[in-house]
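Visitor: My questions are about this predicted structure, shown below with the sequence.
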Amino acid sequence: MDRSAVDHLYDRDVLDRHGLPIGTVAELWLAGGRPLWASVRGPRGTTLVPIRGAQVRDRGLVVPVDRREVEDAPRVGGPELSEDEQAEFHDHYGLTPPEQRLVRHRREVSAPTTPRPRRVTQRAR
């Protein structure tokens, strides 16, 4: 997945495998350049949700877990994840940790694409 595709995952609504709302994508975590986790803001705080195998549908990101699993997941404590925190999330969801280290994706901020209005000047006759 290229950088622009990863950037388009931000702010999407996250839905569980049954279509129930979980929250919105706040940040992405990559291993080996592939997005594996999303920090999701929900009513109970921010937590990590596995997104390997997730599908983009309309404005939503459908993840391969149940909402109840996400509600019971540990909360994200700060801007970085320690190795212990990463292991805790992998254990919670029953996933094998990747060989590569998880790194937080830095969202690319693009300039507005709206063209500036041209100033029209009249010539003297």
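Guide: Ah, there it is. Numbers count the residues shown, from 1 in each chain.
Visitor: Would you map the strands across the chain?
Guide: Secondary structure of the chain by DSSP state E: the strands cover 13-15, 21-31, 34-42, 45-50, 55-57, 60-62, 103-104.
Visitor: Name the spans of the chain whose pLDDT lies under the cut-off.
Guide: In the predicted model of the chain, residues 1-4, 109-125 satisfy pLDDT under 70.
Visitor: what's the neighbour count on the closest residue in space to Pro43 that isn't next to it in sequence?
Guide: In this structure, Pro43 finds its nearest non-sequential neighbour in Gly23, 7.4 Å apart by CB to CB, 6 or more residues apart in numbering. Using the backbone N, CA and C atoms, a C-beta is placed for each residue, glycine as well. Gly23 sits with 21 neighbouring residues when counted by other CB atoms under 10 Å.
Visitor: Ala38 is in contact with Gly23, correct?
Guide: No - counting by CB atoms under 8 Å, Gly23 stays clear of Ala38, with 9.2 Å between them.
Visitor: Now list whatever residues contact both of these two.
Guide: Contact criterion CB atoms under 8 Å, 6 or more residues apart in numbering; residues shared by Gly23 and Ala38: Val14.
Visitor: ok, back up a step: please report how far the residue nearest to Pro43 lies from Gly60.
Guide: To Gly60, Gly23 is 11 Å away according to CB to CB, to the nearest Å.
Visitor: joint contacts of those two?
Guide: Common contacts of Gly23 and Gly60 (CB under 8 Å, 6+ apart): Asp13, Val14.
Visitor: where exactly do the helices run in the chain?
Guide: Ranges of helices in the chain, per DSSP state H, are 3-7, 67-71, 83-93.
Visitor: what's the second one in contact with?
Guide: Spelled out, that is helix 67-71. For helix 67-71, contacts defined as CB under 8 Å, 6+ apart pick out 16, 18, 20-23, 40, 42, 44, 47, 49, 92-93.
Visitor: which of those residues count as buried?
Guide: Buried members of the contacts of helix 67-71, scored by 16 or more other CB atoms under 10 Å, are Asp16, Ile22, Gly23, Val40, Gly42, Thr47, Val49, His92.
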